[in-house]
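Novice: I need the structure of the sequence given here:
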Amino acid sequence: MLRADDLRGLNRLTIDAVAGTVGLVESMHAAITHLPAVLGAPAPRRTRGLTGWIYRRIHDTTRMVGIGVDTSLSLMASLLRAREDEPGAMRCSRP
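Specialist: From the prediction side, this is the model:
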């Protein structure tokens, strides 16, 4: 059975995976739109202009969703722990 703390960890992994994928896509986008430079200068890793603005909004939104879900799960975990500590609370034995 998953606990709230387990879900928080899963949330963090998911947000990291989304952020990493978006970063990879942005890097590929920047490399594809970059004109070849003299002497093989590396392509930029970030996009600029409207495209860069859109990628920044995606990164910001992903981060904010992650913070919101993590905060909600944190509150839920503390409520569940408090409920378990109440006198007369039903306890389930694990095998």
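Novice: How far off centre is the strand or helix carrying residue 6?
Specialist: Assigning secondary structure by DSSP states H and E places residue 6 in helix 4-33. Averaging C-alpha positions (CA atoms, centre = their mean, to the nearest Å) puts helix 4-33 6 Å from its chain's average.
Novice: Which positions in it come out as buried?
Specialist: Going by neighbour count (16 or more other CB atoms under 10 Å), the buried part of helix 4-33 is 4, 7, 8, 11, 15, 18, 26, 27, 30. In this view, the C-beta of every residue, glycine as well, is placed from N, C-alpha and C.
Novice: Next one, pLDDT for the spatially most central residue of the chain please.
Specialist: Central residue of the chain (CA atoms, centre = their mean): residue 15, 1.7 Å from the mean position. Note on residue 15: pLDDT of 95.
Novice: Also compute the angle for the least confident helix or strand in the chain by mean pLDDT relative to helix 4-33, please.
Specialist: Within the chain, no helix or strand scores below helix 49-85, which has a mean of 87 by mean pLDDT, DSSP states H and E. Helix 49-85 runs at 170 degrees relative to helix 4-33, counting by axes from the mean of the first three to the mean of the last three CA atoms, to 10 degrees.
Novice: And helix 49-85, what does it pack against?
Specialist: If contacts are counted by 3 or more CB pairs under 8 Å, 6 or more residues apart in numbering; DSSP states H and E, helix 49-85 sits against helix 4-33.
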